[in-house]
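1. coords please:
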Amino acid sequence: DVSSVIIPTVDINGGDISGVTISGGSITSGFGAIDIGTAAIDCGDLTISSKLIMPDVTSGKILIGDDTSYEEVAMSGDATIASNGVLTLADISTVTPGSYTNADITVDAKGRLTAASSGSGGSGTVTSVATGTGLTGGTISTSGTISLANTTVTAGSYTNADITVDAQGRLTLASNGSGGSGQKIHVRVSYNAATQVLSTGWQHLPHVSTPADRAVYLSGSPARSSTQKYCLCEVTLPRMRPYSKLIYFAIQDYENNKYWDARGGFGNGSTPVAYAGHYDDNNNQNTMTWKIVIDLSDYGTGWQTATFKLGAKIKASGTAYIYGNGTGQYIFKVTELDSVGATSGTPGCIRYGVP
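-> Next up, the predicted model:
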């Protein structure tokens, strides 16, 4: 019985040892292999100070537990492992490494690209292009040019334009506007030191050698609108002495050789029909103002672009006088007015019963 005796070293040449507890130290083999039967080790840690050598040591195999034991198996499937521990994903032979443009790809259930190729980026074919409102040039089936269609608007520049726009955003009507009320004031002022002697023939106011140069110039550019047709003409005279004579006034258009008489009637030439607008039967001297509204559209076709030079004319039924020396100014004033409706509420002029 050696159960309580410590034996430093035992050499056993063949045979079996059973019922022995090894405490401390290690088991070494000097002859052959040591066979430890199944379930021969009940507890404790198995410490291996060097390499663990399995019966079938094959490169690239690993130990896998199967709920009973660890088995040495080779790694397979989508990855492999080398003897140095490097894990390598399996190549997908159907995909060529590289860059693709507008790629067409196929992905498997594992999220891997299994097919890839460059795509065309999309394409299409137009077989026919028709033109809609405001366009010309269609229908195009092969090649052609689509252009904007012309409208009824005259190409050019417009001032204070009045415009009409259709549903496609095109200008279908355009004209020069009034820029507000369209009222403009023109004034000509002269001082004539001499006494102007009136007689039965028409004279210019004031009595100068170049009356057209003193006239009010009305340009036809830009064109007038349809409402810009009235002019209020006012003549203010310095000290006048009718000498119990009838005094006649008129407006002369020096540009077109037309006139408007004292009633507003229109005529051709330089000898207006005479209508007396002033009379004094007591031989008094006075300052007077004569006014008239004329209609430029009396000119006829083209009046909106016509040029006018307006001046005042005067005559008497006999000898009468306008005293200029040391008295005052001859003033001729023209105010351009819009024609307005009776209930429009905008500034302008309305005429009733004028010839």
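2. going by C-alpha atoms from here, please, whenever you check contacts or count neighbours.
-> Noted.
3. low-confidence stretches in the stretch 201-350 of the chain?
-> Applying pLDDT under 70 to the stretch 201-350 of the chain picks out no residues at all.
4. so which residues of it form strands?
-> 203-204, 216-218, 230-241, 246-253, 258-261, 266-268, 276-279, 286-295, 308-316, 320-322, 330-337 (DSSP state E, counting those that start in this stretch).
5. need the residues that contact the third one.
-> Applying Cα atoms under 8 Å, 6 or more residues apart in numbering, the external contacts of strand 230-241 come out as 283-296, 312, 320-324, 327-339, 349.
6. for ChimeraX, write the select line for the buried members of those residues.
-> Selecting only the buried entries of the contacts of strand 230-241 in ChimeraX, with 16 or more other Cα atoms under 10 Å as the criterion:
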select :285,290,291,292,293,294,295,296,312,320,321,322,323,324,327,328,329,330,331,332,333,334,335,336,337,338,339,349
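7. before we move on, back to that, to Gly353, which of the strands of the stretch 201-350 of the chain lies closest?
-> Nearest to Gly353 among the strands of the stretch 201-350 of the chain is strand 286-295 (12.3 Å), distances taken as Cα to Cα.
8. which strands or helices does the closest one pack on?
-> strand 230-241 (3 or more Cα pairs under 8 Å, 6 or more residues apart in numbering; DSSP states H and E).
9. OK, contacts around the closest residue to Ser270 other than its chain neighbours?
-> Nearest in space to Ser270, with sequence neighbours left out and distances taken as Cα to Cα, 6 or more residues apart in numbering, is Asn257 at 6.1 Å. Neighbouring residues of Asn257 by Cα under 8 Å, 6+ apart: 268-270.
10. ok, Gln329 next?
-> For Gln329, the contact set (Cα under 8 Å, 6+ apart) comprises 189-192, 236-238.
11. quick one: low-confidence parts of the stretch 51-200 of the chain?
-> Applying pLDDT under 70 to the stretch 51-200 of the chain flags the ranges 51-60, 66, 75-78, 83-85, 93, 121-127, 131-134, 137-138, 141-144, 177-182.
12. Lys229 and Val340 touch, don't they?
-> No. Contact status for Lys229 versus Val340: not in contact, 10.5 Å apart, counting by Cα atoms under 8 Å.
13. nearest residue to Leu87 in space, please, no chain neighbours.
-> With Cα to Cα, 6+ apart as the criterion, Leu87 has its nearest non-adjacent residue at 4.4 Å, and that residue is Ile81.
14. name the nearest residue to Ala74, sequence neighbours excluded.
-> For Ala74, ignoring the flanking residues on the chain, the nearest one in space by Cα to Cα, 6+ apart is Lys61 at 4.2 Å.
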